[in-house]
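Asks: no sequence on hand, only this structure:
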């Protein structure tokens, strides 16, 4: 993850894109990309969604990449560690939904 | 990230939730969570979104955790490595948007 | 629809909310509300989604109201007639997907 | 609105698409389309979003059409009147946010 964060920062800085990247815009871009990811699944049955063709899977993987990139950009702007955020949420979910 | 994936798998398996987790449902849950994350920013100006109060930031961090948990669950079901997906997308973006 | 547009305008103006309602913010609010609507369906099977309990249906109806209110607000700001927009899209869809 | 509902029903029935249109799928399609609509605004400032070029406005109008078509399809499946749903929500909002 640290390596990914570095790559994303470098990509952004080389293009001077920091100016466009307010947390608000990044949050909006994230939901837009999540929508594009969901679009690949919208007319599939549950079962079909578990058996994607290699071509479809490649497209889905690209959307997953987009979602994670925007999430990491957002975290970077907010000073949030994404892995910590997820781990802390799992801790809360464990209390909320005991085994 | 490997540690997070382990934690998420274990959480799911202990609750026998695999049955509910088709890629389709996870993709839908992901966009719903991304919407909840965006909701925190919707009435803010760009500037306000860069200066969240500690309370607000804690709420946002929790939503970020949710988004990443669903993304990792989806990747796990599809056999996709999320970090690889993001790195590959950055490679493509570098070609598309040269410095 | 004209009556609804009048009601929505009046509601907005009485509260002096025009200032918050840029098309950008309204588009973001719309996708957030659409996410809340989708949330009611995310863990249901297709069949369950066709057989909502009266309580659930009432909640869903409220989210539908929110989605339409933001859509009408957005249209009003942009000078777009929502019914015309939908009718024109149906015309295009007819050409794209012949019977 | 009644005329639009008729057109949408006829379009669906002529193509025998009723089978694909569970409320769940329609709710998912709706949030995907709302995301496409939001995409047009994501990198704009508030001010730019109020001053779209005619070309951009035409694209936005098409997305608005898509959102309304899926919303009406969903309402039709659920037996919900979209205008009533919005009017009832305005009534509730009036109590929640007094002038």
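Replies: Perfect, I can see it now. No experiment lies behind these values; they were computed from the predicted model shown.

Asks: and for residue A:92, the neighbour number?
Replies: Counted with other Cβ atoms under 10 Å in any protein chain shown, the neighbours of residue A:92 add up to 11. All C-beta spots, glycine's among them, are computed from the backbone N, C-alpha and C.

Asks: show me the contacts for it.
Replies: Residue A:92 makes contact with residue B:62 under the criterion Cβ atoms under 8 Å, 6 or more residues apart in numbering or on different chains.

Asks: same thing with residue A:59?
Replies: residue A:40.

Asks: helix or strand: which one has it?
Replies: Using DSSP states H and E, residue A:59 maps to helix A:54-78.

Asks: what about stretch A:62-81, distance to the chain center?
Replies: How far stretch A:62-81 lies from its chain's middle: 6 Å, per Cα atoms, centre = their mean, to the nearest Å.

Asks: do that stretch and chain C meet?
Replies: No. Using Cβ under 8 Å from any Cβ of the partner chain, stretch A:62-81 stays clear of chain C, coming no nearer than 14.4 Å.

Asks: same check on stretch A:34-51?
Replies: Yes. Stretch A:34-51 reaches chain C (Cβ under 8 Å from any Cβ) through A:35, A:45-46.

Asks: any of those residues buried? List them.
Replies: residue A:35 (16 or more other Cβ atoms under 10 Å in any protein chain shown).

Asks: so which of the residues of stretch A:34-51 next to chain C comes closest to chain B?
Replies: Set against chain B, the nearest of the residues of stretch A:34-51 next to chain C by Cβ to the nearest Cβ is residue A:46 (4.0 Å).

Asks: excluding chain neighbours, what is closest to that closest one?
Replies: Leaving out its chain neighbours, the residue that sits closest to residue A:46 by Cβ to Cβ, 6 or more residues apart in numbering or on different chains is residue B:22, at 4.0 Å.

Asks: per-residue confidence for the one you found?
Replies: Residue B:22 is assigned 94 on the pLDDT scale.

Asks: how many neighbours does it have?
Replies: A total of 20 residues lie near residue B:22 under the criterion other Cβ under 10 Å.

Asks: residues contacting it?
Replies: A:46-47, A:49-50, B:77.

Asks: among those residues, who's most crowded?
Replies: That'd be residue A:49 among those, by other Cβ under 10 Å, with 23 neighbours.

Asks: that one: what's it in contact with?
Replies: Applying Cβ under 8 Å, 6+ apart, the residues near residue A:49 are A:41, B:22-24, B:27.

Asks: who wins on neighbours among those residues?
Replies: residue B:27 (30 neighbours).

Asks: tell me the secondary structure at that one.
Replies: Three-state call for residue B:27 (DSSP: H, G, I helix; E, B strand; the rest coil): helix.

Asks: is the helix or strand harbouring residue A:10 in proximity to chain D?
Replies: Assessed by DSSP H and E, residue A:10 sits inside helix A:2-14. No. Against chain D, helix A:2-14 shows no contacts by Cβ under 8 Å from any Cβ, the least distance being 14.0 Å.

Asks: and the angle from that helix to helix A:54-78?
Replies: On the basis of axes from the mean of the first three to the mean of the last three Cα atoms, to 10 degrees, helix A:2-14 is oriented at 80 degrees to helix A:54-78.

Asks: buried residues, helix A:2-14. List them.
Replies: Going by neighbour count (16+ other Cβ under 10 Å), the buried part of helix A:2-14 is A:4-5, A:7-8, A:11-12.

Asks: Provide the contact partners of it at residue level.
Replies: Residues contacting helix A:2-14 (Cβ under 8 Å, 6+ apart): A:18, A:21, A:68-69, A:72-73, A:76, B:83, B:86-87, B:90, B:93-94, B:99.

Asks: repeat that with 6 Å
Replies: Helix A:2-14 is contacted from outside by A:18, A:72, B:83, B:86, B:90, B:99, using Cβ atoms under 6 Å, 6 or more residues apart in numbering or on different chains.

Asks: quick one: neighbours of residue A:65, just the number.
Replies: Residues contacting residue A:65 under the criterion other Cβ under 10 Å number 25.

Asks: enumerate every residue touching it.
Replies: Contacts were defined as Cβ under 6 Å, 6+ apart; by that measure residue A:65 touches B:85-86, B:89.

Asks: gap between it and chain D?
Replies: 17 Å (Cβ to the nearest Cβ, to the nearest Å).

Asks: and what of residue A:75?
Replies: According to Cβ to the nearest Cβ, residue A:75 stands 18 Å off from chain D.

Asks: pLDDT wise, what is that residue at?
Replies: 98.

Asks: now do the one 10 residues further on
Replies: The score at residue A:85 is 98. That number is its pLDDT.

Asks: can you list the residues of chain A near chain D?
Replies: Contact residues, chain A versus chain D (Cβ under 6 Å from any Cβ of the partner chain): A:28-29, A:32, A:35, A:38-39, A:42.

Asks: and chain A, which residues reach chain B?
Replies: Residues of chain A lying close to chain B by Cβ under 6 Å from any Cβ are A:1, A:4, A:7, A:11, A:14, A:22-24, A:27-28, A:30-31, A:34-35, A:37-38, A:41, A:44, A:46, A:49-50, A:61-62, A:64-69, A:71, A:80, A:82-83, A:85-86, A:89-90, A:99.

Asks: can you add secondary structure and pLDDT and give the residues of chain A next to chain D back as CSV?
Replies: Output for these, formatted as CSV (DSSP: H, G, I helix; E, B strand; the rest coil; pLDDT from 0 to 100):
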residue, secondary structure, pLDDT
A:28, helix, 97
A:29, helix, 97
A:32, helix, 97
A:35, helix, 98
A:38, helix, 98
A:39, helix, 97
A:42, coil, 94
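
Asks: kind regards, and thank you for your time.
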